[in-house]
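quick one, what's the 3D model for this:
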Amino acid sequence: METVFIKGLGLIGSSLARAIRQDHPQIQIIASDVNEETLQYAKKNNIADRVVTDMTGVDQADYIILASPVSQIIKDIAALANLKLKSGVIITDVGSTKQTIMQAAKVLTQRNLTFIGGHPMAGSHKSGVQAGRADLIENAYYFLLPASESADTSKLTWLLAGTNAKWLKLTPSQHDKIVAQISHVPHIIAAELVNQTQQAFKDEPVGMRVAAGGFKSVTRIAASDPTMWSAILLNNKELILKQLTSYITGLENIGALIEKEDRSALFDFFKRAKVSRESLNTPARAPFYDLFLNIPDKSGEIARVTGMLAKHQLSIINIQILEVREDINGILQLVFNTEEARDQAARILEKDYEIVTR
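Now for the predicted structure:
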């Protein structure tokens, strides 16, 4: 019987445990976390077979998954380098920065241990073991970074096959540049916008109460785990600082255009953004095909939509609500993996809902 040792049972660690349990019920899962309540929840809900607060049992593991904040992952790598581990063990992590982790992992490869850096590009504004889901990473990119040319990723992808992730190999520098721009900086911007808005409305509490769909959509990720994000920023600081400087320069340029009342330049600014943003919804993102429809703000409306599609055995790979305001229609985005499924869904739903072209 094979054994998996998971260090860290937050959102990602517990989601991987659930996916492994679902796809490989024969595998024993040992989970480690510093939070006793987290461990008891994991044991009670059959997320793990054994729970520990340290590295006890790691020597029995065929796979070791490090799923703590990045700073702790680096410490755990150093600890593993001094432990007797099982022959052939595969060690991986889920940290969202990679250059510092891959540098730290050299102490493992020097011992001829297999280390494969990993980062699932999925998450939630919720955190903790209770927020984990077996399908959290479904159809999301999962970056893999083997620490050596001889490292075979096939066993790891077999272990995590239940996530239904899309595997993509990158170099550490490629990875950190990409995530700094599309993940790390947006989290900073969202958090600062919330903090700034809270300060601006400190004497006008009604301001935060009336914040509608646009503000909530832009700032949703500001509700993410502060411990995790503090660690992430400090472990990718050079690229983040570089991109923040560029972003601030961009804002200053926009401020100058507003000051000059340069309507043409402002139009071009928004036009470029509109074209780029709309390109994310084109079939170039295949196999993703989006359908947008107006839905009223009524209890059970989303369940009605998904029920109608389920009757025709149509599978939705992602769903989200856009531009939500209380008591009026919102935009429901449904994502399908084939153009045929999207078009069939449109024919089914157009009788009861307005299909929106975006």
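
for Q344, which three-state class applies?
With DSSP: H, G, I helix; E, B strand; the rest coil as the basis, Q344 sits in helix.

residues contacting the nearest residue to it once chain neighbours are set aside?
Excluding the flanking residues, the one nearest Q344 by Cβ to Cβ, 6 or more residues apart in numbering is L314, at 6.3 Å. Yep, even glycine has a C-beta here, placed from its N, CA and C like the rest. With contacts defined as Cβ atoms under 8 Å, 6 or more residues apart in numbering, L314 is in contact with 336, 341, 344-345, 348.

nearest to L291 among those residues?
L291 lies nearest to A345 out of the contacts of L314, by Cβ to Cβ, at 5.6 Å.

can you get me a residue count around the closest one?
Neighbour count for A345, taken as other Cβ atoms under 10 Å: 22.

swap in R50?
That count, for R50 with other Cβ under 10 Å as the rule, works out to 17.

quick one on the thing from earlier: which element is the residue nearest to Q344 on?
Using DSSP states H and E, L314 sits within no helix or strand.

what's the answer for L251, then?
Using DSSP H and E, L251 sits in helix 237-260.

now what about that helix, what contacts it?
In contact with helix 237-260 (Cβ under 8 Å, 6+ apart) are residues 176-177, 180-181, 184-185, 188-189, 233, 265-266, 269.

buried ones among these?
176-177, 180-181, 184-185, 188-189, 233 (16 or more other Cβ atoms under 10 Å).

nearest to D54, of those?
For these, the nearest to D54 is L233 (27.4 Å; Cβ to Cβ).

what's the distance between that closest one and T227?
Separation of L233 from T227 (Cβ to Cβ, to the nearest Å): 12 Å.

re earlier: list phi and psi for the residue nearest to Q344.
Per-residue torsions, L314: phi -100, psi 130 (degrees, to the nearest 10).

cool, and Q110?
Dihedral angles for Q110 - degrees, to the nearest 10 - are phi -70, psi -20.

give me the low-pLDDT residue ranges for the chain?
Applying pLDDT under 70 to the chain picks out residues 124-125, 212-213, 281-287, 322-329, 357-358.

isn't T53 right next to L39, touching?
Yes - T53 is in contact with L39 according to Cβ atoms under 8 Å; the separation is 7.1 Å.

and the strands in the protein?
Using DSSP state E, the strands of the chain run over residues 3-7, 28-32, 50-52, 63-66, 90-93, 114-120, 141-146, 166-169, 289-295, 318-322, 330-336, 355-356.

check the offset of the second one from the chain's centre.
Its chain's C-alpha centre and that of strand 28-32 lie 23 Å apart, by Cα atoms, centre = their mean, to the nearest Å.

quick test: name the residue nearest the centre of the protein.
For the chain, the residue nearest the mean C-alpha position is A122 (2.1 Å; Cα atoms, centre = their mean).

wait, isn't that one in contact with I137?
Yes - applying Cβ under 8 Å, one finds A122 in contact with I137, separated by 4.5 Å.
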